[in-house]
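Asker: Curious how this folds, go ahead:
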Amino acid sequence: MGHGIHPVEGGVVERRGARPYPRAVRCALALLFLAACAPEEAAPEPAPRLVRVEVAARGPAIDRLVLLGDVEGELDVRVVAELPERIRELHVAEGDAITEGAPIATLEAATTSADVAQADAALSAAEAARDQLRVDLARVAPLVERSALPRSQREALESQLRSADAQVAQLRAGRQAASLRRGRTVVRAPASGIVAELGVDPGDLVSPQVPLARVVRMDRVKVVLRVVEQDFVRLAEGMQVVVRPTALPEITRSGTLARKSPVLDRISRTGVVEIDVDNPDHVLRPGMVAEVAIELERRENVVLVPSRAVLMSTRTARERVAHVYVEDDGRVVRREVALGRRYPSENDESRVEIVRGLEGGEAVVVEGHHVLRDGARVRVAEAREVERDEASDEGAESG
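Answerer: Numbering: from 1, shown residues only. Next comes the predicted model:
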């Protein structure tokens, strides 16, 4: 027999001629088998994320209404000349302090002086004519009593004397009016204050229709607000407020809500509110814009977190439920919280009331939480580090 199947003892056949695999191949197959059967190694845990945290504070929750208003003087008077004349002399300059009754400007007085002289002459002539009638009546009266003259002559003189007395009184009033007009050539301050504006120069022609100066009293100012009706109905006279000029944010003043308009504007649906503020140093100037914070309500023992810490979800609008990340010993825990009211704060960042989910005192993540997951490792860092870390993540994703 050649190669193939050969009979063997016991009736068993044996296949000959097939060679076994080389030893190197068998070793490689064994290694692959062992590698496939070996357990997988766990992936390395990511490096800690940089985050910034703030403490969920428990304390008073203050509902403030913050509005912008215009600063006005306690008294703001525009001064006009009562006569259409030219200015002969100015007695003040802008910024000068002035007392009530002090002269501001002197007008030309030639015309008014002539009117006074004319009134004096007419009055003197009328008084002379009246005096002569009195003398004539005194001479005629005895003659009439002795029937030397008719009674009608005395009655005529008496009638002429009454007319003369009336004429003298009329001319005397005219003379007084002319004197008053001459006195009005000196324009005087109607109140004490500061000369805020002076819009004329010597030689200018003034008239009663155009103000020549403005006097403002600034020791006490008022801030005028226009408040929408939803907030207007919550305000009451006597409320304490804090006033801060927008141009000088480091300065604050205390004020009082002094007046509320009795009606609202039908078009804008707003009402006028006036805030009185002491201003002895004249830091608040009429024309400024001021921010007014009015405390409407105060609630104690409320848990508040920065609004940046709250992560909204699809349930937030409907159920007022959101999430925050709480940092604890280098790891974060995702907490479900129930939201209450939102409160503005003085540093322009609002805070949110947590009704359920936090007890106060927890460190909540306010920056860097958008890339976190529950249980992730974190490292508390400064805000600049967080911004750099998030920027590098965005660069890696875009690459």
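Asker: Mind checking what secondary structure the residue nearest the centre of the chain has?
Answerer: In the chain, the residue lying closest to the centroid (Cα atoms, centre = their mean) is Leu68, at 1.7 Å. At Leu68 the chain is in strand, as set by DSSP: H, G, I helix; E, B strand; the rest coil.
Asker: check contacts around it.
Answerer: Leu225, Thr246, Val289, Ala290, Glu291, Val292 (Cβ atoms under 8 Å, 6 or more residues apart in numbering). The C-beta positions use only the backbone N, C-alpha and C, and glycine is treated the same way.
Asker: per-residue confidence at Val25?
Answerer: Predicted confidence (pLDDT) at Val25: the value is 57.
Asker: Please apply the same query to Arg334.
Answerer: We note a pLDDT of 93 for Arg334 in this prediction.
Asker: how close does it sit to Ser313?
Answerer: Distance, Arg334 to Ser313, using Cβ to Cβ, to the nearest Å: 11 Å.
Asker: So Val355 sits against Glu336, correct?
Answerer: No - counting by Cβ atoms under 8 Å, Val355 does not reach Glu336; the two are 11.7 Å apart.
Asker: where exactly do the helices run in the protein?
Answerer: Assigned helices in the chain, in chain order: 23-37, 110-145, 151-183, 229-232, 316-319, 383-398 (criterion: DSSP state H).
Asker: As CSV, those with mean neighbour count and distance to Val365 would be great.
Answerer: CSV is the format used below for these (neighbours: other Cβ atoms under 10 Å; distance: least, Cβ to Cβ, whole Å):
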stretch, mean neighbour count, distance to Val365
helix 23-37, 9, 42
helix 110-145, 15, 81
helix 151-183, 15, 77
helix 229-232, 14, 34
helix 316-319, 10, 18
helix 383-398, 12, 10
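Asker: right, and those helices - which one's nearest Val277?
Answerer: Smallest distance to Val277 across the helices of the chain (Cβ to Cβ): 19.8 Å, for helix 229-232.
Asker: Can you name every helix or strand that the closest one contacts?
Answerer: Other elements packing on helix 229-232 under the criterion 3 or more Cβ pairs under 8 Å, 6 or more residues apart in numbering; DSSP states H and E are strand 270-278.
Asker: List the buried residues for the strand it packs on?
Answerer: Buried residues in strand 270-278, counted by 16 or more other Cβ atoms under 10 Å: Thr270, Gly271, Val272, Val273, Glu274, Ile275, Asp276, Val277.
Asker: show me what contacts the third one?
Answerer: Looking back up the chat, that one is Val272. Neighbours of Val272 in contact, by Cβ under 8 Å, 6+ apart: Val224, Leu225, Arg226, Val227, Lys260, Ser261.
Asker: Throw together a PyMOL command that grabs the buried residues out of those residues.
Answerer: The buried residues among those can be selected in PyMOL (16+ other Cβ under 10 Å) with this line:
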select buried, resi 225+226+227
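Asker: Dump the contacts of Val272 into TSV; add pLDDT and distance to Arg154 as well.
Answerer: Output for those, formatted as TSV (pLDDT from 0 to 100; distance: Cβ to Cβ, whole Å):
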residue	pLDDT	distance to Arg154
Val224	96	72
Leu225	96	77
Arg226	95	76
Val227	95	79
Lys260	95	72
Ser261	94	70
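Asker: Quick one: the contacts of Val272 as CSV, columns for distance to Gly174 too.
Answerer: Output for those, formatted as CSV (distance: Cβ to Cβ, whole Å):
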residue, distance to Gly174
Val224, 46
Leu225, 51
Arg226, 50
Val227, 54
Lys260, 49
Ser261, 46
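Asker: returning to that earlier point: rebuild the helices of the chain as CSV, extending it with distance to Pro60.
Answerer: As requested, the helices of the chain are arranged in CSV below (distance: least, Cβ to Cβ, whole Å):
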stretch, distance to Pro60
helix 23-37, 65
helix 110-145, 68
helix 151-183, 62
helix 229-232, 21
helix 316-319, 25
helix 383-398, 26
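Asker: Tell me which of those helices sits nearest to Glu197.
Answerer: Glu197 lies closest, by Cβ to Cβ, to one member of the helices of the chain: helix 151-183, at 24.5 Å.
Asker: Now the two most distant members of the buried residues of strand 270-278.
Answerer: Farthest pair in the buried residues of strand 270-278, by Cβ to Cβ: Thr270 and Val277, 21.0 Å.
Asker: Show me how this protein divides into domains.
Answerer: If you go by automatic domain parsing, the domain ranges for the chain are 51-62+300-398, 66-73+215-298, 88-107+186-210, 109-184.
Asker: For Val80, find the nearest of those.
Answerer: domain 88-107+186-210 (5.4 Å).
Asker: Looking at the closest one now, give me its mean pLDDT.
Answerer: Regarding domain 88-107+186-210, the rounded mean pLDDT is 91.
Asker: try stretch 350-363
Answerer: On average, stretch 350-363 scores 91.
Asker: Give me the buried positions along it.
Answerer: Judged by neighbour count (16+ other Cβ under 10 Å), stretch 350-363 contains these buried residues: Arg351, Val352, Glu353, Ile354, Gly357, Leu358, Glu362, Ala363.
Asker: which strand residues sit across from the last one in the sheet?
Answerer: Counting by DSSP bridges, Ala363 is bridged to Val55, Glu327.
Asker: Numbering from 792 from now on, please.
Answerer: From this message on, residue numbering opens at 792, which makes the last subject Ala1154.
Asker: Surely it touches Arg843?
Answerer: No - taking contacts as Cβ under 8 Å, Ala1154 lies outside contact range of Arg843: 10.0 Å.
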